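Participant: model this:
(2 chains)
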Amino acid sequence: MSALATEEGATLGSVPPAPRWRGSAFGLDLSSDVPLVGLGSSPGTSTRPVALRLCEPSSLRAAWPRRGAGRMREVRRPNGDVAMAVDRHPEGGYRIAARGFGRFIVPPAADEVLCAPPRTPPWSWQRLLVGQVLPLTAALRGLEVLHAAAVVSGGRGIALAGDSGAGKTSLVLQLVLRGAKLLSDDVLALEARGADVLGHPGGAILSVRQDEIDRVRAAGHAPPGVLVARGVKTYLEQERAGHAVPVAAVYLLERTEVRSRSSPVEELSEPDPRRLLGATFSTMVREPSRLLAQLDVHARLARSARVFRLTIGPSTGAAALAQILDEHVATLPEPA
Amino acid sequence: MDGEPRGDEGSVSRTTVRIPDHIVYRMFAAQAVVLNLHTGKYHGLNPSGGRMLEVLQEVADVEQAAALLATEYGRPAAEIERDLREFCQDLATRKLIEIDERPGD
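Facilitator: Here you go, the predicted structure:
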């Protein structure tokens, strides 16, 4: 490797080696020194390159300004310990740290992610990367990120929006069993393009509760995908859709304790914008350009996609719900 | 005429509005959503309010905007102008528009 001389005569460092892995997720073209589990291994087709650079914890600490950062978000464990923290500095960017998952810095340009991972298997610490850091990066690069899972069914992008615990992952698992292809689990990156809103492929590892795995086996199926790890949950890597697709429908998942005989699917012909805007994943990024892009995408989505409420009753299992949803999606117009 | 704002020598004043650059809005199915980019705060407008804002952006003069809307809705211009002025005051209170009152020609 050679040292490069600048025009001023100073010497730059050695030319870094070419990254060993390239892939894409959340509308970002990713390059990395280490493979990123579940994010494909081919270059993306977007125009947003992001390089993941691994470094030692001391280097990451040195890269973060000593003063001037503000705490944006904190997630605490039941015992009060901080499980995850997100800080922001006007010049430093965003720093995301979670015990057991490492520390990350996303600079303001969001063209790279600095990462000091812990000494745990890559699939484990990369859960924070895929679950939080890359969605934040996508938001900083102008994409809207929705708290939604998504599948591709009959060529249509179908988004399933709902809070954590709403049942998105179980429903996605059952839809995949029925032939849908995973687009993203838990976070969907959206981009307005022409008259459409495109949903980009995202994370492909489903984190499934054991009781749902048991139900799949009891129905005579093998859990879909490749087993990545098994712990409190089972982590299954799915085959992911290879490219962004127009979002044809958004289903807003709502749990209810009321048993009802009526169809759980109700079209919202005039959806309250707050329902869509409220499904945004990243509420920390408040730069004007990001807020405007968010408003643009949601307004376009409200016009280009059909919006439905999907009510999940107390006795409705994911398999039954997937059948209802699958049949409903089949009634939607076929993609052009 | 009674009720008309008047400047010097009995002339009718002219009211114009300006939507600041940091105020943006987009039309959704049944609402317009107005966003203040400085504060990050969203405001919802019903379809009529959204249409009024659209017209005001095209035609800054309140009287002219009211005339356009009166034709569109098939209602008396005076009635529309009253509603429009009330709407403008509400938006100005929320710092979403700036109102300029000047003596007429």
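
Participant: what lies in contact with whichever strand or helix holds A:Trp125?
Facilitator: Per DSSP states H and E, A:Trp125 falls inside helix A:122-128. With C-beta atoms under 8 Å, 6 or more residues apart in numbering or on different chains as the test, helix A:122-128 has contacts from A:34-38, A:84, A:96, A:98, A:100-102, A:104, A:117-118, A:205, A:207, A:228-229, A:235. For glycine as for every other residue, the C-beta is placed from the backbone atoms N, C-alpha and C.

Participant: got a list of what the residue nearest in space to the middle of chain B touches?
Facilitator: Taking C-alpha atoms, centre = their mean, the centroid of chain B lies closest to B:Cys88, which sits 4.3 Å from it. The contact partners of B:Cys88, taken as C-beta under 8 Å, 6+ apart, are B:15, B:17, B:56, B:62, B:97, B:99.

Participant: in what helix or strand does it lie?
Facilitator: Judged by DSSP H and E, B:Cys88 forms part of helix B:77-93.

Participant: quick one: average pLDDT of the helix or strand following that helix?
Facilitator: Scanning forward in sequence from helix B:77-93 by DSSP H and E, the next helix or strand is strand B:98-102. Across strand B:98-102, the average pLDDT comes to 92.

Participant: mind giving me the packing neighbours of strand B:98-102?
Facilitator: Applying 3 or more C-beta pairs under 8 Å, 6 or more residues apart in numbering or on different chains; DSSP states H and E, we find strand B:98-102 packed against strand B:14-18, helix B:77-93.

Participant: now render those as a markdown table, adding distance to A:Gly220.
Facilitator: Shown next, in a markdown table, are the helices and strands packed on strand B:98-102 (distance: least, C-beta to C-beta, whole Å):
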| stretch | distance to A:Gly220 |
| --- | --- |
| strand B:14-18 | 67 |
| helix B:77-93 | 61 |
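
Participant: A:Ala241: which of the ones you listed is closest?
Facilitator: Closest approach to A:Ala241 among those is made by helix B:77-93 (43.5 Å; C-beta to C-beta).

Participant: now do the buried residues in that closest one.
Facilitator: B:80-81, B:83-85, B:87-88, B:91 (16 or more other C-beta atoms under 10 Å in any protein chain shown).

Participant: then stretch A:158-176?
Facilitator: Residues of stretch A:158-176 classed as buried: A:158-162, A:166-176 (neighbour count, 16+ other C-beta under 10 Å).

Participant: and the residue in the stretch 101-250 of chain A that chain B sits nearest to, its phi and psi?
Facilitator: Residue nearest to chain B within the stretch 101-250 of chain A: A:Ala192 (11.0 Å; C-beta to the nearest C-beta). Main-chain torsions, A:Ala192, degrees, to the nearest 10: phi -80, psi 130.

Participant: got it, and the one 5 residues further on?
Facilitator: Geometry field for A:Val197 lists phi and psi as phi -120, psi 120, criterion degrees, to the nearest 10.

Participant: ok, it - contacts?
Facilitator: Shown in contact with A:Val197 (C-beta under 8 Å, 6+ apart): A:190-191, A:246-247, A:297, A:300-301, A:304-305.

Participant: most neighbours among these, which one?
Facilitator: A:Leu190 (30 neighbours; other C-beta atoms under 10 Å in any protein chain shown).

Participant: give me every residue that touches A:Met190.
Facilitator: You called it Met, but residue A:190 is Leu. A:143-146, A:197-200, A:247, A:297, A:301.

Participant: let's see 7 Å
Facilitator: Shown in contact with A:Leu190 (C-beta atoms under 7 Å, 6 or more residues apart in numbering or on different chains): A:143-144, A:146, A:197-199, A:247, A:297, A:301.

Participant: wait, a strand at it?
Facilitator: Yes: membership of A:Leu190 in a strand is supported by DSSP: H, G, I helix; E, B strand; the rest coil.

Participant: what's the closest non-adjacent residue to it?
Facilitator: The shortest distance from A:Leu190 to any non-neighbouring residue, by C-beta to C-beta, 6 or more residues apart in numbering or on different chains, is to A:Glu144 (4.5 Å).

Participant: go ahead and confirm the one you found touches A:Val297.
Facilitator: Yes: in terms of C-beta atoms under 7 Å, A:Glu144 counts as a neighbour of A:Val297; the distance is 4.0 Å.

Participant: for the residue of the stretch 101-250 of chain A closest to chain B, which non-adjacent residue is closest in space?
Facilitator: Nearest residue to A:Ala192, sequence neighbours excluded (C-beta to C-beta, 6+ apart): A:Arg300, at 4.6 Å.

Participant: in what element of secondary structure is that neighbour found?
Facilitator: Counting by DSSP H and E, A:Arg300 is found in helix A:288-304.

Participant: contacts for that helix?
Facilitator: A:139, A:142, A:144, A:190, A:192, A:195-197, A:247, A:250, A:271, A:273, A:276-277, A:280, B:24, B:26-29, B:33, B:35, B:37, B:40.
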